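**Student:** please work out how this folds:
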Amino acid sequence: MHHERPQTIQMIVLGTCLTTTSTQTQIAVVTQPVHLRADPATEHPPLRLPYPPQHWQLIPPKESGDSYYVRTHQGEAWWAWTHNVSVDHRDECMPHG
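**Tutor:** Residues are numbered from 1 along each chain as shown. All right, here's what the predicted structure looks like:
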């Protein structure tokens, strides 16, 4: 019998995690109700007002002045005020507990 296959798969996954240049996912965590806008300009009216707890992914360009660019679980991209959101850095290759 040949029992090396599971170990080989584990090594490939570990190697992929170690060689990836960007293994960090930045998570925006809503700490207080926060207005979501289509752009970072406060002159435009907010379109949504989510309440905690919410967790979103920061996406490039990530920040503009006092706003973070975020992607919701529904796949929508919005600008959120930085003062009502904290950033959590997580390693994608490590389990999230």
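**Student:** mind listing what's buried in the strand or helix carrying residue 87?
**Tutor:** Using DSSP states H and E, residue 87 maps to strand 85-91. Of the residues in strand 85-91, residue 85 count as buried by neighbour count, 16 or more other Cβ atoms under 10 Å. Any C-beta I mention is one placed from the backbone N, CA and C, and that applies to glycine too.
**Student:** measure the nearest residue to residue 31 once chain neighbours are set aside to residue 74 for me?
**Tutor:** The spatially closest residue to residue 31, leaving aside those adjacent along the chain, is residue 86, at 5.4 Å (Cβ to Cβ, 6 or more residues apart in numbering). Separation of residue 86 from residue 74 (Cβ to Cβ, to the nearest Å): 21 Å.
**Student:** the protein: strands as residue ranges?
**Tutor:** Counting by DSSP state E, one finds strands in the chain at the ranges 24-30, 36-37, 55-64, 67-71, 77-81, 85-91.
**Student:** so what sits opposite residue 28 in the bridge?
**Tutor:** Beta-bridge partners for residue 28, by DSSP bridges, are residue 56, residue 87.
**Student:** typed the wrong thing, it's residue 67
**Tutor:** Beta bridges link residue 67 to residue 64, residue 81 when assigned by DSSP bridges.
**Student:** pretty sure it contacts residue 35?
**Tutor:** No: because the distance of 9.7 Å does not satisfy Cβ atoms under 8 Å, residue 67 is recorded as not touching residue 35.
**Student:** test my guess that residue 29 contacts residue 85.
**Tutor:** Yes: Residue 29 is within contact range of residue 85, at 6.6 Å (criterion: Cβ under 8 Å).
**Student:** mean confidence score for stretch 60-68?
**Tutor:** The average pLDDT for stretch 60-68 rounds to 90.
**Student:** show me where pLDDT drops low in this structure?
**Tutor:** Low-confidence segments of the chain (pLDDT under 70): 1-23, 90-97.
**Student:** if we can go back for a sec, as a markdown table, the strands of the chain with distance to residue 49 would be great.
**Tutor:** As requested, those are exported to a markdown table (distance: least, Cβ to Cβ, whole Å):
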| stretch | distance to residue 49 |
| --- | --- |
| strand 24-30 | 10 |
| strand 36-37 | 7 |
| strand 55-64 | 14 |
| strand 67-71 | 14 |
| strand 77-81 | 11 |
| strand 85-91 | 13 |
